[in-house]
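**Q** take a look and give me a structure for this.
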Amino acid sequence: MKPFWIRVSVQSLAQGDFLKECLIPVFNPEFGSDGDSEEVPVGTADLIIVTQTCDLVNEKVSLVALCPIYTLNEFEEANPK
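**A** Numbers count the residues shown, from 1 in each chain. Purely as a prediction, here's the structure:
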């Protein structure tokens, strides 16, 4: 069976791109409440881009929408029923 995802090295993002082990900031609920500078821990997650490619290419968005992606085994572990 041919793999669903293929590795590419391009400088542009597109809807449906899979970002494996992408670095993400992990903010605590009180982040920024005291006005002081704070360290922000970083975690990783497997993500998929859900922002439309045409909006990314034409620079119509200032943020990229991402959604976590899980394997079936990970999903079944979290949702045994």
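
**Q** secondary structure class for the spatially most central residue of the chain?
**A** Using CA atoms, centre = their mean, the residue of the chain that lies closest to the mean C-alpha position is Leu47, 3.5 Å off. Counting by DSSP: H, G, I helix; E, B strand; the rest coil, the backbone at Leu47 sits in strand.

**Q** ranges for the helices of the protein?
**A** 53-57, 72-78 (DSSP state H).

**Q** deepest in the core, which of those helices is it.
**A** Neighbour counts averaged per stretch over those are highest for helix 53-57, at a mean of 13; criterion: mean count of other CB atoms under 10 Å. Yep, even glycine has a C-beta here, placed from its N, CA and C like the rest.

**Q** and the contacts of that helix?
**A** The contact list for helix 53-57 (CB atoms under 8 Å, 6 or more residues apart in numbering) reads Ser12, Leu13, Ala14, Gln15, Ile49, Lys60, Val61, Val64.

**Q** burial check on the first one, number of neighbours?
**A** Looking back up the chat, that one is Ser12. When neighbours are defined as other CB atoms under 10 Å, Ser12 has 9 of them.

**Q** can you check the second one too?
**A** Counted with other CB under 10 Å, the neighbours of Leu13 add up to 15.

**Q** that one against Ile49, yeah?
**A** Yes: contact status for Leu13 versus Ile49: in contact at 5.7 Å, counting by CB atoms under 8 Å.

**Q** give me the common contacts of those two.
**A** Common neighbours of Leu13 and Ile49, counting by CB under 8 Å, 6+ apart, are Leu56, Val64.

**Q** how far does stretch 31-51 sit from its chain's centre?
**A** With CA atoms, centre = their mean, to the nearest Å as the basis, the distance from the averaged C-alpha position of stretch 31-51 to the chain average is 12 Å.

**Q** just the mean pLDDT for that stretch, thanks.
**A** Rounded to a whole number, the mean pLDDT of stretch 31-51 is 87.

**Q** what sits up against it?
**A** Applying CB under 8 Å, 6+ apart, the external contacts of stretch 31-51 come out as 13-27, 56, 61, 63-70.
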